[in-house]
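1. Predicted structure and sequence below. I'll ask about it afterward.
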Amino acid sequence: MNEKMKALRAAFPYTVPICAGFAFLGLAYGIYMHSKGFSFVYPMLMSMTIFAGSMEFVTVNLLTSVFAPFHALLLAVMVNARHLFYGISMLETYKGVGAKKFYLIFGMCDESFSINCTTQPPAGVDRGWFMFFVTLLNHIYWVVGSTLGGILGGLIPFNTAGIDFVMTALFVVIFLDQWFSQKNHIPAVLGIVVSVACLIGFGSDHFIVAAMAFILLLLTLFRKKIEPAEEGAAS
(Lines give C-alpha, C1' and ligand atoms only; values in the text may rest on other atoms or scores of the structure.)
Protein backbone atom coordinates (compact mmCIF):
# COMPACT_ATOMS: atom_id res chain seq x y z
CA MET A 1 0.00 0.00 0.00
CA ASN A 2 1.51 3.37 -1.02
CA GLU A 3 1.88 6.23 1.44
CA LYS A 4 -1.03 8.23 0.00
CA MET A 5 -3.52 5.39 0.40
CA LYS A 6 -2.27 4.71 3.94
CA ALA A 7 -2.74 8.36 4.82
CA LEU A 8 -6.23 8.43 3.29
CA ARG A 9 -7.32 5.34 5.23
CA ALA A 10 -5.89 6.80 8.44
CA ALA A 11 -7.55 10.20 7.93
CA PHE A 12 -11.01 9.01 6.93
CA PRO A 13 -12.26 7.80 10.36
CA TYR A 14 -11.41 11.16 11.92
CA THR A 15 -13.56 12.97 9.35
CA VAL A 16 -16.70 10.81 9.59
CA PRO A 17 -18.32 12.97 12.33
CA ILE A 18 -17.50 16.04 10.23
CA CYS A 19 -19.24 14.41 7.26
CA ALA A 20 -22.47 14.12 9.24
CA GLY A 21 -22.42 17.76 10.28
CA PHE A 22 -21.35 19.11 6.89
CA ALA A 23 -23.96 17.03 5.10
CA PHE A 24 -26.77 18.62 7.11
CA LEU A 25 -25.42 22.18 7.01
CA GLY A 26 -24.44 21.86 3.34
CA LEU A 27 -27.94 20.66 2.41
CA ALA A 28 -29.46 23.56 4.32
CA TYR A 29 -27.11 26.01 2.63
CA GLY A 30 -27.84 24.67 -0.86
CA ILE A 31 -31.60 24.76 -0.25
CA TYR A 32 -31.28 28.27 1.16
CA MET A 33 -29.43 29.41 -1.97
CA HIS A 34 -32.15 27.89 -4.15
CA SER A 35 -34.85 29.65 -2.11
CA LYS A 36 -33.12 32.94 -2.99
CA GLY A 37 -33.27 32.17 -6.71
CA PHE A 38 -29.79 30.70 -7.33
CA SER A 39 -29.18 27.45 -9.23
CA PHE A 40 -27.18 24.63 -7.66
CA VAL A 41 -24.10 25.84 -9.58
CA TYR A 42 -23.74 28.81 -7.22
CA PRO A 43 -23.51 26.89 -3.92
CA MET A 44 -21.31 24.29 -5.62
CA LEU A 45 -18.79 26.85 -6.92
CA MET A 46 -18.93 28.95 -3.74
CA SER A 47 -18.29 25.89 -1.60
CA MET A 48 -15.35 24.92 -3.78
CA THR A 49 -13.73 28.37 -3.79
CA ILE A 50 -14.81 30.12 -0.57
CA PHE A 51 -15.09 27.07 1.71
CA ALA A 52 -16.13 29.06 4.76
CA GLY A 53 -19.57 27.96 5.92
CA SER A 54 -20.56 31.00 7.94
CA MET A 55 -19.25 33.40 5.29
CA GLU A 56 -21.08 31.51 2.55
CA PHE A 57 -24.38 31.96 4.37
CA VAL A 58 -23.58 35.66 4.79
CA THR A 59 -22.63 35.91 1.10
CA VAL A 60 -26.19 35.02 0.11
CA ASN A 61 -27.36 38.32 1.57
CA LEU A 62 -24.43 40.16 -0.02
CA LEU A 63 -25.41 38.80 -3.45
CA THR A 64 -29.02 39.89 -3.04
CA SER A 65 -28.31 43.36 -1.64
CA VAL A 66 -26.71 46.57 -2.91
CA PHE A 67 -23.18 46.09 -4.30
CA ALA A 68 -20.77 47.14 -1.56
CA PRO A 69 -17.35 45.51 -2.09
CA PHE A 70 -15.59 47.28 0.79
CA HIS A 71 -18.32 46.26 3.23
CA ALA A 72 -18.10 42.68 1.92
CA LEU A 73 -14.31 42.69 2.36
CA LEU A 74 -14.52 43.94 5.96
CA LEU A 75 -17.26 41.48 6.77
CA ALA A 76 -15.28 38.56 5.34
CA VAL A 77 -12.18 39.56 7.32
CA MET A 78 -14.11 39.92 10.57
CA VAL A 79 -16.14 36.72 10.19
CA ASN A 80 -13.00 34.70 9.47
CA ALA A 81 -10.53 36.63 11.66
CA ARG A 82 -10.03 33.55 13.84
CA HIS A 83 -8.18 31.92 10.94
CA LEU A 84 -5.35 34.42 11.41
CA PHE A 85 -4.64 32.80 14.76
CA TYR A 86 -5.20 29.32 13.34
CA GLY A 87 -2.60 30.03 10.68
CA ILE A 88 -0.03 31.34 13.14
CA SER A 89 -0.42 28.29 15.36
CA MET A 90 0.09 25.94 12.39
CA LEU A 91 3.30 27.50 11.06
CA GLU A 92 5.50 24.81 12.58
CA THR A 93 3.06 21.99 11.82
CA TYR A 94 2.96 22.81 8.11
CA LYS A 95 6.74 22.92 7.72
CA GLY A 96 8.23 20.31 5.43
CA VAL A 97 5.00 19.23 3.73
CA GLY A 98 6.00 20.55 0.30
CA ALA A 99 3.46 21.90 -2.19
CA LYS A 100 0.63 20.42 -0.11
CA LYS A 101 1.07 23.42 2.19
CA PHE A 102 -0.81 25.70 -0.24
CA TYR A 103 -3.92 23.55 -0.20
CA LEU A 104 -3.67 23.02 3.57
CA ILE A 105 -3.71 26.79 4.03
CA PHE A 106 -6.62 27.29 1.65
CA GLY A 107 -8.69 24.41 3.04
CA MET A 108 -8.18 25.11 6.73
CA CYS A 109 -11.60 25.19 8.37
CA ASP A 110 -12.42 24.91 12.07
CA GLU A 111 -12.90 21.15 11.87
CA SER A 112 -9.76 20.44 9.83
CA PHE A 113 -7.71 22.66 12.11
CA SER A 114 -9.00 20.82 15.16
CA ILE A 115 -8.04 17.40 13.76
CA ASN A 116 -4.70 18.38 12.25
CA CYS A 117 -3.66 20.34 15.31
CA THR A 118 -4.42 17.66 17.88
CA THR A 119 -4.14 14.29 16.10
CA GLN A 120 -0.94 12.35 15.75
CA PRO A 121 -1.08 10.09 12.65
CA PRO A 122 -0.53 6.36 13.21
CA ALA A 123 2.98 5.00 12.91
CA GLY A 124 4.13 4.72 9.33
CA VAL A 125 1.68 7.35 8.03
CA ASP A 126 3.13 10.50 6.50
CA ARG A 127 1.88 13.50 8.49
CA GLY A 128 1.76 15.79 5.46
CA TRP A 129 -0.47 13.45 3.48
CA PHE A 130 -2.57 12.72 6.57
CA MET A 131 -3.33 16.43 7.04
CA PHE A 132 -3.91 16.82 3.31
CA PHE A 133 -6.57 14.11 3.22
CA VAL A 134 -8.25 15.36 6.39
CA THR A 135 -8.57 18.74 4.70
CA LEU A 136 -9.60 17.31 1.33
CA LEU A 137 -12.26 14.99 2.74
CA ASN A 138 -13.84 17.77 4.80
CA HIS A 139 -13.79 20.01 1.73
CA ILE A 140 -15.50 17.31 -0.35
CA TYR A 141 -18.19 16.75 2.29
CA TRP A 142 -19.09 20.43 2.24
CA VAL A 143 -19.11 20.75 -1.55
CA VAL A 144 -21.22 17.60 -2.01
CA GLY A 145 -23.68 18.61 0.72
CA SER A 146 -24.24 22.12 -0.60
CA THR A 147 -24.49 20.92 -4.21
CA LEU A 148 -27.07 18.28 -3.29
CA GLY A 149 -28.98 20.89 -1.32
CA GLY A 150 -29.07 23.16 -4.36
CA ILE A 151 -30.29 20.30 -6.56
CA LEU A 152 -32.87 18.93 -4.10
CA GLY A 153 -34.16 22.42 -3.43
CA GLY A 154 -35.34 22.53 -7.03
CA LEU A 155 -36.62 18.96 -7.22
CA ILE A 156 -38.49 18.60 -3.93
CA PRO A 157 -41.17 21.22 -3.34
CA PHE A 158 -41.48 22.19 0.31
CA ASN A 159 -41.83 25.28 2.44
CA THR A 160 -38.39 26.83 2.99
CA ALA A 161 -39.62 29.48 5.42
CA GLY A 162 -37.15 29.80 8.28
CA ILE A 163 -34.33 27.86 6.65
CA ASP A 164 -32.16 30.98 6.73
CA PHE A 165 -32.23 30.61 10.52
CA VAL A 166 -30.06 27.47 10.37
CA MET A 167 -26.79 29.40 10.69
CA THR A 168 -28.15 31.45 13.57
CA ALA A 169 -29.21 28.25 15.30
CA LEU A 170 -25.74 26.78 14.73
CA PHE A 171 -24.05 29.80 16.32
CA VAL A 172 -26.45 29.69 19.28
CA VAL A 173 -25.60 26.02 19.87
CA ILE A 174 -21.85 26.75 19.61
CA PHE A 175 -22.23 29.68 22.02
CA LEU A 176 -24.11 27.56 24.56
CA ASP A 177 -21.58 24.76 24.26
CA GLN A 178 -18.74 27.20 24.94
CA TRP A 179 -20.70 28.80 27.81
CA PHE A 180 -21.26 25.51 29.63
CA SER A 181 -17.77 24.16 28.93
CA GLN A 182 -15.94 27.26 30.22
CA LYS A 183 -15.97 28.70 33.72
CA ASN A 184 -14.79 32.13 32.60
CA HIS A 185 -17.65 33.90 30.81
CA ILE A 186 -15.99 37.30 30.37
CA PRO A 187 -15.41 36.98 26.58
CA ALA A 188 -18.96 35.68 26.03
CA VAL A 189 -20.55 38.48 28.07
CA LEU A 190 -18.34 41.01 26.33
CA GLY A 191 -19.48 39.72 22.95
CA ILE A 192 -23.16 39.97 23.90
CA VAL A 193 -22.86 43.49 25.33
CA VAL A 194 -20.87 44.82 22.38
CA SER A 195 -23.22 43.20 19.85
CA VAL A 196 -26.33 44.68 21.50
CA ALA A 197 -24.69 48.10 21.75
CA CYS A 198 -23.69 48.04 18.07
CA LEU A 199 -27.15 46.82 17.07
CA ILE A 200 -28.66 49.83 18.82
CA GLY A 201 -26.03 52.24 17.56
CA PHE A 202 -25.58 51.10 13.94
CA GLY A 203 -28.87 49.36 13.14
CA SER A 204 -29.56 45.81 12.02
CA ASP A 205 -28.07 46.31 8.54
CA HIS A 206 -24.65 47.57 9.63
CA PHE A 207 -23.91 46.32 13.14
CA ILE A 208 -22.10 43.04 12.35
CA VAL A 209 -18.82 44.48 11.05
CA ALA A 210 -18.72 47.13 13.79
CA ALA A 211 -19.51 44.59 16.51
CA MET A 212 -16.85 42.12 15.39
CA ALA A 213 -14.27 44.90 15.06
CA PHE A 214 -14.96 46.18 18.58
CA ILE A 215 -14.99 42.64 20.04
CA LEU A 216 -11.64 41.86 18.40
CA LEU A 217 -10.19 45.15 19.63
CA LEU A 218 -11.42 44.74 23.22
CA LEU A 219 -10.30 41.12 23.46
CA THR A 220 -6.86 42.15 22.21
CA LEU A 221 -6.60 45.09 24.62
CA PHE A 222 -7.76 43.13 27.66
CA ARG A 223 -6.15 39.80 26.75
CA LYS A 224 -3.70 39.94 29.66
CA LYS A 225 -6.54 40.44 32.14
CA ILE A 226 -8.80 37.80 30.61
CA GLU A 227 -6.16 35.06 30.39
CA PRO A 228 -5.35 35.04 34.14
CA ALA A 229 -9.10 34.84 34.85
CA GLU A 230 -9.36 31.85 32.52
CA GLU A 231 -6.40 30.15 34.21
CA GLY A 232 -7.91 30.78 37.64
CA ALA A 233 -11.28 29.42 36.53
CA ALA A 234 -9.65 26.31 35.06
CA SER A 235 -7.80 25.60 38.29
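-> Ah, there it is.
2. Relative to residue 195, how far out is residue 188?
-> From residue 188 over to residue 195 the distance is 11 Å, taken as CB to CB, to the nearest Å. Yep, even glycine has a C-beta here, placed from its N, CA and C like the rest.
3. Need the single longest helix in the chain, by residues.
-> Determined from DSSP state H, the single longest helix within the chain is helix 3-35.
4. Between residue 188 and residue 195, tell me which one has more neighbours.
-> Taking neighbours as other CB atoms under 10 Å, residue 188 and residue 195 compare with residue 195 leading, 17 against 14.
5. what ranges of the chain fall below the confidence cut-off?
-> 1, 157-171, 173-174, 177-178, 181, 226-235 (pLDDT under 70).
6. The helix or strand that residue 113 is a member of to helix 3-35, inter-axis angle?
-> Assigned by DSSP states H and E, residue 113 belongs to helix 110-118. Interaxial angle, helix 110-118 versus helix 3-35 (axes from the mean of the first three to the mean of the last three CA atoms, to 10 degrees): 160 degrees.
7. what's the domain layout of this protein?
-> Using automatic domain parsing, the domain ranges for the chain come out as 3-155, 182-234.
8. Give the buried residues for the longest helix of the chain.
-> For helix 3-35, the buried set under the neighbour-count rule, 16 or more other CB atoms under 10 Å, comprises 6-8, 10-11, 14-15, 18-19, 21-23, 25-34.
9. neighbours of residue 96, just the number please.
-> Residue 96: 9 neighbours (other CB under 10 Å).
10. is it true that it touches residue 128?
-> Yes. With contact defined as CB atoms under 8 Å, residue 96 counts as touching residue 128 (7.1 Å).
11. all helices of the chain, in order?
-> Using DSSP H, the helices found in the chain span residues 3-35, 41-49, 53-63, 69-79, 82-89, 100-106, 110-118, 127-155, 166-181, 186-202, 207-221, 223-234.
12. Return the most buried member of those.
-> Highest mean neighbour count of those: helix 127-155, a mean of 22 (counted as mean count of other CB atoms under 10 Å).
13. That one to helix 41-49, inter-axis angle?
-> Using the same axes, to 10 degrees: helix 127-155 against helix 41-49 is 170 degrees.
14. For helix 127-155, name the packing helices and strands.
-> helix 3-35, helix 41-49, helix 100-106, helix 110-118 (3 or more CB pairs under 8 Å, 6 or more residues apart in numbering; DSSP states H and E).
15. And the contacts of the second one?
-> The contact list for helix 41-49, computed with CB atoms under 8 Å, 6 or more residues apart in numbering, reads 26, 29-30, 33-34, 56, 59, 139, 142-143, 146-147, 149-150.
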